[in-house]
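S.K.: Just to be clear, the model below is a prediction. Sequence and coordinates:
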Amino acid sequence: MTTSIFVNLPTTDLDRSKAFYEALGFRINPAFTDENAACVVLDENIYFMVLTREYLGTFTDKQIVDPKTQAQTSIAFTRDSRDEVDEVLAKGLAAGGTEPRDAQDYGFMYSRDLEDPDGNILGFLFMEPAAAEMGPEAYMAQQGAGQPGTA
């Protein structure tokens, strides 16, 4: 059985959100897109459903938080190199996103956060393949460095 992941994200401007995610290189599936929602295809098994706040409210009795002021989730995506992390951030910033904090460089992992125009947090990271395989502490010890997060 194949599992697909659908992440629901609130938006105050559906057209702006569609343009933002297309600028990052993702595509919109028109078969699941209307005036209330857009299906953003990240790959064959991962999708964002960008929903108007009102429409998202029909799926829950809980309060829909404002991602500009509150974090409900942070979604992270791997990239194949540090340069690819920087490239996707450049695209996102040019499309109206913001970078809420400086890049994080842990020696074994490089990451940058991007907020979409609604404030939803997207992380993009590159991890050294050896660190992913053996774990960050063992990788850093092999490199002769201190603990992860220290220089």
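M.R.: It's in.
S.K.: show me where pLDDT drops low in this protein?
M.R.: Within the chain, the segments meeting pLDDT under 70 span 145-151.
S.K.: Need the residue closest to the centroid of it.
M.R.: residue 122 (2.5 Å; C-alpha atoms, centre = their mean).
S.K.: which residue packs closest to it, ignoring adjacent ones?
M.R.: residue 114 (4.8 Å; C-beta to C-beta, 6 or more residues apart in numbering). (Each C-beta comes from the backbone N, C-alpha and C, glycine too.)
S.K.: Make sure I have this right: that neighbour is in a strand.
M.R.: Yes. Under DSSP: H, G, I helix; E, B strand; the rest coil, residue 114 falls within a strand.
S.K.: for this structure, what's the longest helix?
M.R.: When the chain is parsed with DSSP state H, its longest helix is helix 82-94.
S.K.: before we move on, the earlier item: neighbouring strands for the helix or strand the residue nearest to the centre of the chain falls within, and are they parallel or not?
M.R.: Assigning secondary structure by DSSP states H and E places residue 122 in strand 121-127. Sheet pairing for strand 121-127, assigned by DSSP bridges, gives strand 74-78 (parallel), strand 109-115 (antiparallel).
S.K.: circling back to that earlier point, return the distance of the longest helix of the chain from the chain's centre.
M.R.: 12 Å (C-alpha atoms, centre = their mean, to the nearest Å).
S.K.: residues of that helix that come out buried?
M.R.: 82, 85, 86, 88, 89, 92 (16 or more other C-beta atoms under 10 Å).
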